[in-house]
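>>> build the 3D model from these lines:
(one chain, ligands or ions: 2)
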Amino acid sequence: MSQPKVLILISGNGSNLQAIIDSVAKKEINAKIIKVISSSADAFGLERASNSSIPTFVHTLKNYYKDLPRGDRPKARKQFNKDLANLIIYGNKEGDDDETPKDHEKPDLIVCAGWMLILSPEFLSPLEDEKISIINLHPALPGQFDGTHAIDRAWKAGQDGEITKSGVMVHKVIQQVDAGEPLLVKEIDLIKEESLEDFEERVHKLEHEAIVEGTVIALKEITQAKEKSD
Ligand SMILES: Nc1nc2c(c(=O)[nH]1)N[C@@H](CN(C=O)c1ccc(C(=O)N[C@@H](CCC(=O)O)C(=O)O)cc1)CN2
Ligand SMILES: NCC(=O)N[C@@H]1O[C@H](COP(=O)([O-])[O-])[C@@H](O)[C@H]1O
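Numbers count the residues shown, from 1 in each chain. Ligands and ions are numbered 1, 2, ... in the order given. The predicted model follows:
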């Protein structure tokens, strides 16, 4: 199999994207990062990608919502997801009924590295049809704090004595949010009286390890599957 191609989805700072970029540079991850797509034009991760000469693209929900009555947003959101899938698969929003750019590269793996939007079936199904794997980094243990603000929620639960452990995981992305098969789970102890900031710093450090190890595991699975089918 030629060098696997990875596309990374971000929404913000991009510290986990940077961890992947650095690991590819150090050849810890054998892959080519073909593109970074952000759901926000303000994401610092876009600058991180550009600094490493990685092509970027901004795909924002607000461009689909602008001037729309709120009642029309669900339809617009489906189009957002459909267009994102076409961008990734065909290099254009119109899908295969439009000219695919000659230099377009289709990824073998998509990594959600702080992508803060729920991906709908309009996105997931075309990617599944193309056999493009999707993984996500989530700062909680399986089934513990699904969704957003997991770090804050875990810290508060720890301070309230409800839990003594939290963690981070890299999991396969399925429609049910943060419920996909975990590829990697790393635990972290909650420390009484620890500040949220200090806890957050420890979690992010663990994430930067997990996102690299999880990507390596996912790429190994993909490579093995392709070798089997060849
Ligand atoms: N279908 C799936 N989509 C996504 C998954 C997944 O497992 N299945 N993982 C997430 C990442 N994520 C947590 O790890 C996550 C991100 C965002 C949300 C969410 O509720 N987003 C809201 C907007 C929130 C906001 O703007 O602050 C939304 O999409 O409406 C939940 C989980 C990536 N997507
Ligand atoms: N539910 C998804 C979620 O909460 N993702 C979280 O967003 C942050 C992105 O940081 P980064 O932009 O510095 O990589 C990370 O903490 C990641 O776990």
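>>> all contacts plus neighbour counts: C-alpha atoms, from now on.
OK.
>>> and the chain, which residues reach ligand 2?
By the rule CA under 6 Å from any ligand atom, the part of the chain lying against ligand 2 is 12-17, 113-114, 116, 137-139, 147-149.
>>> show me which of the residues you listed are buried.
Among the residues of the chain next to ligand 2, the ones that count as buried by 16 or more other CA atoms under 10 Å are G12, N13, G14, S15, N16, L17, A113, G114, M116, L137, H138, P139.
>>> thinking again about what came up before, please flag which of the residues of the chain next to ligand 2 sit within strands.
The strands, defined by DSSP state E, take in L137, H138 from those.
>>> for this structure, what spans make up the helices?
15-25, 44-51, 62-65, 73-90, 121-129, 150-159, 196-229 (DSSP state H).
>>> would a markdown table of the ones you listed with mean pLDDT be doable?
What follows is the helices of the chain, written out as a markdown table (pLDDT from 0 to 100):
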| stretch | mean pLDDT |
| --- | --- |
| helix 15-25 | 98 |
| helix 44-51 | 98 |
| helix 62-65 | 96 |
| helix 73-90 | 97 |
| helix 121-129 | 98 |
| helix 150-159 | 98 |
| helix 196-229 | 96 |
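>>> want to throw the ones you listed into CSV with distance to K35?
Output for those, formatted as CSV (distance: least, CA to CA, whole Å):
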stretch, distance to K35
helix 15-25, 11
helix 44-51, 8
helix 62-65, 20
helix 73-90, 9
helix 121-129, 16
helix 150-159, 27
helix 196-229, 15
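>>> closest to S2 out of these?
helix 196-229 (9.4 Å; CA to CA).
>>> so the closest one versus helix 150-159, what angle?
Using axes from the mean of the first three to the mean of the last three CA atoms, to 10 degrees, the inter-axis angle of helix 196-229 relative to helix 150-159 is 120 degrees.
>>> touching ligand 1 at all, helix 196-229?
No. Figure legend: helix 196-229 not in contact with ligand 1 (CA under 6 Å from any ligand atom); closest approach 11.8 Å.
>>> same question, stretch 8-19
No. For stretch 8-19, no contact with ligand 1 is found by CA under 6 Å from any ligand atom; the gap never falls below 9.0 Å.
>>> and for that stretch, what's in contact with it?
Outside of stretch 8-19, the residues within contact range by CA atoms under 8 Å, 6 or more residues apart in numbering are 33, 35-40, 42-46, 48-49, 110-116, 207-209, 211-212.
>>> measure R73 to K106 for me?
From R73 across to K106, the span is 29 Å (CA to CA, to the nearest Å).
>>> between those two, who's got more neighbours?
More crowded of R73 and K106, by other CA atoms under 10 Å: K106, with 19 against 16.
>>> quick one on the thing from earlier: which of the contacts of stretch 8-19 count as buried?
Buried, going by 16+ other CA under 10 Å: 33, 35-40, 43-46, 48-49, 110-116, 207-209, 211-212, out of the contacts of stretch 8-19.
>>> need the residues of this structure near ligand 1, please.
Close to ligand 1, as judged by CA under 6 Å from any ligand atom, the chain has residues 115-120, 136-138, 147-148, 173-179.
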